[in-house]
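Asks: Only the shape, not the letters, is given here:
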């Protein structure tokens with residue numbers, strides 16, 4: 001059997017600037033990039049099994065991405081998942097990243113990248129939003 005591996009593409013104005021944000025602010029690594037005439041055009045960033053492609057190839061799509069990033073959580077480890085997301089929030093805020101609360105029927109942490117693409121980190125789905 002063949003395993004599939006999906007990587008969503010987030011469209012950005014400046015791949016190098018986006019790599020800096022994802023690496024320096026969000027704690028991702030950047031294992032590869034494709035360059036043309038000395039300028040990065042496409043790159044991959046990844047953190048803890050989450051891999052994203054950053055590309056400047058379709059300017060009309062810049063900033064229109066929305067990415068759900070979820071942890072694989074067993075029912076008996078929900079408390080540790082909530083703690084891990086709270087730790088992530090503290091880590092990002094310590095680096096100056098604006099982290100917003102969100103909800104889509106369950107609690108979310110929302111981070112906008114410099115181009116307006118949004119990353120939704122969801123808490124386990126039985127965790128109420130703060131307003132609830």
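Replies: All right, it came through fine. Quantities reported herein were computed from a predicted structural model and do not represent experimental measurements.
Asks: so who does the residue most central in space within the chain touch?
Replies: The geometric centre of the chain, computed from its C-alpha atoms, lies nearest to residue 119 (C-alpha atoms, centre = their mean), at 4.5 Å. Each residue near residue 119 by C-beta atoms under 8 Å, 6 or more residues apart in numbering is listed here: 26, 67, 69, 110, 111, 112, 113. All C-beta spots, glycine's among them, are computed from the backbone N, C-alpha and C.
Asks: Which residues does it form beta bridges with?
Replies: Following DSSP bridges, residue 119 is listed with bridge partners residue 67, residue 111.
Asks: Now do the same contact list for the residue nearest to residue 108 when sequence neighbours are not counted.
Replies: Excluding the flanking residues, the one nearest residue 108 by C-beta to C-beta, 6 or more residues apart in numbering is residue 102, at 3.7 Å. If you count contacts by C-beta under 8 Å, 6+ apart, residue 102 has them with 108, 109, 110, 120.
Asks: Could you check how far residue 102 is from residue 86?
Replies: Using C-beta to C-beta, to the nearest Å, residue 102 is found at 15 Å from residue 86.
Asks: mind listing what's buried in stretch 4-18?
Replies: Buried residues in stretch 4-18, counted by 16 or more other C-beta atoms under 10 Å: 10, 11, 12, 14, 15, 16, 18.
Asks: before we move on, what about stretch 19-28?
Replies: 19, 21, 22, 26, 28.
Asks: and which of the residues you listed is nearest to residue 94?
Replies: Within the buried residues of stretch 19-28, proximity to residue 94 (C-beta to C-beta) peaks at residue 26, which comes in at 12.1 Å.
Asks: Contact partners for that closest one?
Replies: Contacts of residue 26 (C-beta under 8 Å, 6+ apart): 47, 92, 95, 97, 111, 119.
Asks: which of the residues you listed are buried?
Replies: Buried among the contacts of residue 26 by 16+ other C-beta under 10 Å: 92, 97, 111, 119.
Asks: and those residues as CSV, adding pLDDT and distance to residue 59?
Replies: Listed next are these as CSV, based on pLDDT from 0 to 100; distance: C-beta to C-beta, whole Å:
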residue, pLDDT, distance to residue 59
92, 97, 28
97, 97, 25
111, 98, 22
119, 97, 21
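Asks: Brilliant, that's me finished.
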